[in-house]
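[1] Turn this into a structure:
(chains A, B, C and D)
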Protein chains: 2
Amino acid sequence: MLNKRTRYAIKALMHIARKSAGGGLAAAATIADAEQISVKFLEAILSDLKSAGFVISKKGIGGGYQLNQQANTLMLSDLIRATNGPIALVPCVSLNYYEPCDICPDESQCGLHDVMQQVRDASLAILSTTSIQDLITREDLRVKKKSKR
Amino acid sequence: MLNKRTRYAIKALMHIARKSAGGGLAAAATIADAEQISVKFLEAILSDLKSAGFVISKKGIGGGYQLNQQANTLMLSDLIRATNGPIALVPCVSLNYYEPCDICPDESQCGLHDVMQQVRDASLAILSTTSIQDLITREDLRVKKKSKR
DNA sequence: TTAAAATCCTACTTAAAAAGTAGGGAATTG
DNA sequence: CAATTCCCTACTTTTTAAGTAGGATTTTAA
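    Modelled structure (predicted):
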């Protein structure tokens, strides 16, 4: 399961992306209030997002956070990797966090290896093609649908 | 990522399945030795597998563990759920461990929901069709291939 | 009937990670 | 210069994972 850091990060990035689309900055306190996150905790998360290169920041009055790239190029897979860790279920099939399986004597002979690779690829097929922008678009569609009723 | 309990459980079940195929029982100490697991830790895991209904046990000399079902009906998804928890990445799309998203005000309006459901289905498509028997078969094939060289 | 072999049961320990808190420093702008 | 905002360090609390320890119980076979 995804940790809370990651889920908050997604919410925060969506918030920032919406603001960035209009050329504006989103302040941590504003995001925290809108998304119901503890300010201090969110600050820590935003700091991670900045180190990861997803956002840039500006201090002082009128300051805040802004996307460092187009929202449609920021993929869920990248975000999850940065804040949650590997997408694979076992380290020996992870693309970005590979480690030999400590509990497995011979990777090339393990019956689980290929299956876990399949699962990784199946998840990645979705996560690496879904951007923050896609999430926003989906959400806007839903709101539209709802208000139509 | 899968926890060690789960990975050990898979190894142990494969071991037991091989033994069961010949009508025999596998003792915890034997499995622990073969698969390089601490005996006491394995005992705890086997106890879980028993409560989950995957294996049955017999005490005393000549005793041990045995599959409680055909190896080709014991699916990875069932095992992972029992020892590792939900397969979904977020609780609100879990089939077996559903919980409303605490950090999400309205599930029906969340842009992430559908995507996470897709990921779950993609993973499940593989995990729920791969049995312990499949893993054994794959492993046997690999050994064959290797010895052919 | 007893000794060995096995599972079973309860409780404890240790280590690591997740989640959050606290307090103040540094930069920016009106 | 004062308000606003990000930034940095350190700490606390809670939960989970991973294992350990010691012995009780059941079964079998000699």
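[2] List the contacts of residue A:107.
    Counting by Cβ atoms under 8 Å, 6 or more residues apart in numbering or on different chains, residue A:107 touches A:92, A:100-101, A:113. For the C-beta atoms, the positions are set from N, CA and C on the backbone; glycine is no exception.
[3] number of nearby residues for residue A:96?
    If you count neighbours by other Cβ atoms under 10 Å in any protein chain shown, residue A:96 ends up with 12.
[4] Phi and psi next, for it.
    The phi/psi pair for residue A:96 (degrees, to the nearest 10) reads phi -110, psi -10.
[5] if I look at the residue lying closest to it once chain neighbours are set aside, how far off is residue A:52?
    Nearest non-adjacent residue to residue A:96, counting by Cβ to Cβ, 6 or more residues apart in numbering or on different chains: residue A:81, 5.5 Å away. From residue A:81 over to residue A:52 the distance is 9 Å, taken as Cβ to Cβ, to the nearest Å.
[6] how far does stretch A:22-39 stretch from start to finish?
    Using Cα to Cα, to the nearest Å, the end-to-end distance of stretch A:22-39 comes out at 24 Å.
[7] Could you list the residues in contact with it?
    Contact with stretch A:22-39 is made by A:8, A:11-12, A:15-16, A:19-20, A:42-43, A:45-46, A:58, A:62-66, B:103, B:105, as judged by Cβ under 8 Å, 6+ apart.
[8] How many neighbouring residues does residue A:144 have?
    For residue A:144, the neighbour count with other Cβ under 10 Å is 9.
[9] hang on, it in a helix?
    Yes. If the criterion is DSSP: H, G, I helix; E, B strand; the rest coil, then residue A:144 is within a helix.
[10] Would you mind measuring from it to DNA strand D?
    As judged by Cβ to the nearest atom of the strand, to the nearest Å, residue A:144 and DNA strand D stand 30 Å apart.
[11] how far is stretch A:6-16 from where the chain is centred?
    Relative to its parent chain, stretch A:6-16 has a centroid offset of 7 Å by Cα atoms, centre = their mean, to the nearest Å.
[12] do that stretch and chain B meet?
    Yes. Interface with chain B: stretch A:6-16 contributes A:7-8, A:10-11, A:14 (Cβ under 8 Å from any Cβ of the partner chain).
[13] same check, this time on stretch A:123-142
    Yes. Using Cβ under 8 Å from any Cβ, stretch A:123-142 reaches chain B at A:123, A:125-127, A:130, A:134-139, A:142.
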